[in-house]
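> Here's a sequence, model it:
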Amino acid sequence: MKKILALILALSAFATSADAEDTIGGRWLLKNHFNEVVTDQHFTGKFRLIFFGYTFCPDVCPTSLSNVADAMDILEKTEGFKEEIQPLFISVDPKRDTPTVLREYVKNFHPKIIGLTGPEAMIKRTADLFKVKYSIAPESKGKEDEFYLIDHSAGLYFMSPTGIFITKFAHGISGEEIAKRILEILEANQ
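Residues are numbered from 1 along each chain as shown. The predicted structure follows:
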């Protein structure tokens, strides 16, 4: 009972609507791929690369996560680069994307990528904070099998160590270009 009360109190803190209508990002609470409850505050002090998708995605998600992995590899090898960047993959398919499924999936890309999931209401709230749209694909509506597809926004959000939106990278941008633009942004703000 104490755990439930603590969770309700924690969630009520997220219910405040201090976010302006045009703001991207905000406070959220989800579970990581180790089944631990985490919030945006767990990543304070680190830049964040945030991508919304799902593990059953046939092309957009694996391509984007591969590009994130390439960018991370480049940044980690860049001489003098000392910033901490945390890539996050937030599932929009909590029905299939359990913490265990996410843990196995993110292993395919980069060891620093953390998969996040949670109840549908928390996923929707988090997606809304980032203005991410997602829904069952029209060709999958009415299907009761496990092979449904989800249409979803495919941008990659670059957030500051305090959780402030910096920029959004369009789907399809290469890992090399992501790394180059991050380095330019950080250099311009020194």
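> can you count the residues close to T126?
24 (other CB atoms under 10 Å). From N, CA and C alone the C-beta is placed, and that goes for glycine too.
> Look at K131 and say how many residues are nearby.
15.
> residue contacts, it?
Neighbouring residues of K131 by CB atoms under 8 Å, 6 or more residues apart in numbering: I24, S153.
> Against T167, how distant is it?
Using CB to CB, to the nearest Å, one gets 14 Å for the distance from K131 to T167.
> And what about D93, helix, strand or coil?
coil (DSSP: H, G, I helix; E, B strand; the rest coil).
> cool, and V101?
Secondary structure for V101, judged by three-state DSSP, is helix.
> That one: what's its closest spatial neighbour, skipping adjacent residues?
Leaving aside its sequence neighbours, V101 sits nearest to T55 (CB to CB, 6 or more residues apart in numbering; 5.7 Å).
> Give me the buried positions along the longest helix along the chain.
For the chain, the helix that runs over the most residues, judged by DSSP state H, is helix 60-77. By neighbour count with 16 or more other CB atoms under 10 Å, helix 60-77 contains the buried residues 60-61, 63-65, 67-72, 74-75.
> Specify which member of the residues you listed is nearest to G118.
C61 (17.7 Å; CB to CB).
> Let me know the distance separating the closest one from A154.
Counting by CB to CB, the gap from C61 to A154 is 8 Å.
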